[in-house]
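In: structure here, sequence nowhere to be found:
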């Protein structure tokens, strides 16, 4: 039988009123968990759906993941505030030709994201190759790009 996932943190809310949205927050630094994300750290990113960010092998990305291999990521530190994320299925989160997708190439610049820390301790993903755009997840779990500060672009970090 399938059971709903258990998240250790309560659901965020209430969400702030729409716009104007703040400027992107500071970059999330690499380092020990108390200071940022560490190389090879395993994480999940909870979305506004209450589910996790997930990358499928067919190239699709959504916010309807549970706690399995498609929604559990290993951190690769690429530089100050820059990361790539490979799920346990072997797929890297990526942006190609203006859409969210997956890649299996570790060195692909389309798989590098600047991670911003928000005031509510959530993080936002800014694709290195598409500055000013942020990964978002709609309430129905579909992926999109959004503005920094909107609920759809906030991801709540769970260390595995």
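Out: Cool, got the structure. Keep in mind it's a predicted model, so treat the numbers as computed, not measured.
In: ok, then the element right after the strand or helix carrying residue 43?
Out: Taking DSSP states H and E as the criterion, residue 43 maps to strand 42-46. Later in the chain than strand 42-46, the nearest helix or strand by DSSP H and E is strand 52-55.
In: which strands and helices sit next to that following strand?
Out: strand 42-46, strand 61-65, strand 92-96 (3 or more C-beta pairs under 8 Å, 6 or more residues apart in numbering; DSSP states H and E). All C-beta spots, glycine's among them, are computed from the backbone N, C-alpha and C.
In: low-confidence ranges in the chain?
Out: Segments of the chain classed as low confidence (criterion: pLDDT under 70) are 1-36, 105-107.
In: how about the strands in it?
Out: 42-46, 52-55, 61-65, 73-79, 82-87, 92-96, 99-103, 113-117, 123-127, 134-137, 143-146, 156-159 (DSSP state E).
In: in the second one, which residues are buried?
Out: Within strand 52-55, the residues that count as buried by 16 or more other C-beta atoms under 10 Å are 52-55.
In: which one of the residues you listed is nearest to residue 45?
Out: Comparing the buried residues of strand 52-55 against residue 45 with C-beta to C-beta picks out residue 53 as the nearest, at 4.2 Å.
In: just checking, that closest one touches residue 45?
Out: Yes - using C-beta atoms under 8 Å, residue 53 is in contact with residue 45, at 4.2 Å.
In: please identify every residue contacting each of those two.
Out: Shared contacts of residue 53 and residue 45 (C-beta atoms under 8 Å, 6 or more residues apart in numbering): residue 155.
In: so who does residue 59 touch?
Out: 101-102.
In: kindly recompute the last result at 10 Å.
Out: Going by C-beta atoms under 10 Å, 6 or more residues apart in numbering, residue 59 touches 91, 94, 96, 99-103.
In: farthest-apart pair in those residues, please.
Out: 91 and 99 (14.8 Å).
In: for the two, indicate the residue with more neighbours.
Out: The neighbour comparison of residue 91 against residue 99 (other C-beta atoms under 10 Å) goes to residue 91, with 24 against 13.
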